[in-house]
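1. let's see this in three dimensions:
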Amino acid sequence: MARYLVDTNMLDHKELAAFLAADPSNEIVISEATLIEIHKARAAQNVPRLLALACANWDRVSVTHSFYDLYSFDGTANDPAKATISMRQSEDFPAYCATVVVAPLDVVALQHFARKQADAAQESATIASKAPGLMRLYRRVISSNFSEKDRQELRKRRPLSPALQEKLLKFSFALRARLALQHGNAPEDLHPRKAIDTPLYRYALSLVIYFMHWVKDGEPDRKKIKEAVNQIVDLEIAALATFYDGFLTRETKLARHFDELQGLVEILGGKVRCG
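-> Numbers count the residues shown, from 1 in each chain. Below is the predicted model:
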């Protein structure tokens, strides 16, 4: 048995079908963020198509808590993967499939999709508003925490010195603390051992890796900053996927990011591949 988190772009893909067919005990996890995302445009047309495979295997699907709820975790769960699952949303998923996804597209269904699409559009606007903040955070981080010598070392694409590794690690915990303050519902002071097994810390570490690649490859063009910010949810989902057995995505860069992140979490002693 394996339980994988599924990226939006994989929901209607043959690779997901193959994963489910490979072993009848295989299961998938869909993040709440993904369920919001698929409703943001042409929901009445896209949602039934994208969720057809998941709904056909509804008894093998779990849905996560919202990121807002996940970021309040304190790292004490014995089974952190299980803790990320929303029992209410998972139990509601079969009914959603039956009454909305595979039901006739009548007036009631169209009204439902219209409401969901409006909610998703508002959520997307909130994410897009983070664009300036992400760029400011990146520049503040690089200028105040990493010298030009550090940046040159990052660009060399070779194993980092122990000193720079330690600096990056310390920064990841500092960034988690900053995100906790912004969140308003997250524990601010956590022992590193506990913090490592929280979704918020793994998102902070995901951001650190992302920023490292900005240093190596150059920061995004201002015209492309919206495109970069669209990856915020991707970074959150990749961080969440480290708790499960794997991550199904069609984005090569995101898959590499996930592998790098999961490997680093494992080195730090975090619980990974928890099923």
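
2. which residues are in contact with stretch 186-205?
-> 67, 70-77, 80, 84, 172-173, 175-177, 179-181, 183, 235-236, 239-240, 242-243, 261, 264-265, 268-271 (CB atoms under 8 Å, 6 or more residues apart in numbering). (C-beta placed from N, C-alpha, C; glycine too.)

3. so L50 sits against M10, correct?
-> No - L50 is beyond contact range of M10, at 9.8 Å (criterion: CB atoms under 8 Å).

4. just the buried residues of the contacts of stretch 186-205.
-> Buried members of the contacts of stretch 186-205, scored by 16 or more other CB atoms under 10 Å, are 67, 70-73, 75, 77, 80, 84, 172-173, 175-177, 179-180, 235-236, 239-240, 242-243, 261, 264-265, 268, 270-271.

5. please flag which of these sit within helices.
-> Among the buried ones among the contacts of stretch 186-205, DSSP state H puts 67, 70, 80, 172-173, 175-177, 179-180, 235-236, 239-240, 261, 264-265 in helices.

6. helix/strand/coil for the closest residue to Y71 other than its chain neighbours?
-> Excluding the flanking residues, the one nearest Y71 by CB to CB, 6 or more residues apart in numbering is L200, at 4.3 Å. The three-state label given to L200 by DSSP: H, G, I helix; E, B strand; the rest coil is helix.

7. ok, the residue minimising distance to the centre of the chain - contacts?
-> Central residue of the chain (CA atoms, centre = their mean): I237, 1.1 Å from the mean position. Contact partners of I237, counting by CB under 8 Å, 6+ apart, are 5, 7, 31, 33-34.

8. now those residues in CSV, with distance to D23?
-> Shown next, in CSV, are these (distance: CB to CB, whole Å):
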residue, distance to D23
L5, 17
D7, 20
S31, 22
A33, 27
T34, 22
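
9. the residues you listed in strands, which ones?
-> Among those, DSSP state E puts L5 in strands.

10. what about the contacts of I237, which one has the most neighbours?
-> Counting neighbours by other CB atoms under 10 Å, L5 leads those with 27 neighbours.

11. residue contacts, the closest residue to that residue other than its chain neighbours?
-> Distances taken as CB to CB, 6+ apart place A241 nearest to L5, at 4.0 Å, with adjacent residues excluded. Residues in contact with A241 (CB under 8 Å, 6+ apart) are 4-5, 247, 258, 262.

12. now swap in V63 and tell me
-> 29-32, 35, 85-86, 89-90, 92-93.

13. gap between it and L137?
-> 30 Å (CB to CB, to the nearest Å).

14. also E166?
-> 21 Å.

15. more crowded one of the two?
-> Using other CB under 10 Å as the criterion, E166 and L137 rank with L137 on top: 16 against 11.

16. what residues does the helix or strand where Q45 lies touch?
-> Here Q45, judged by DSSP states H and E, is contained in helix 43-56. The contact list for helix 43-56, computed with CB under 8 Å, 6+ apart, reads 6, 8, 11-12, 16-17, 20, 28, 30, 38-39, 61, 93-94, 97, 100-102, 105, 109-110, 113-114, 116-117, 120.

17. 6 Å - rerun?
-> 11-12, 16, 38, 61, 97, 101-102, 110, 113, 116-117 (CB atoms under 6 Å, 6 or more residues apart in numbering).

18. and it, which residues are buried?
-> Going by neighbour count (16+ other CB under 10 Å), the buried part of helix 43-56 is 43-44, 46-48, 50-51, 53-55.

19. again, but for stretch 139-157
-> 141-142, 146, 150, 153-154.

20. now find how far off-centre the helix or strand that contains S144 is within its chain.
-> If you go by DSSP H and E, S144 is part of helix 131-145. How far helix 131-145 lies from its chain's middle: 21 Å, per CA atoms, centre = their mean, to the nearest Å.
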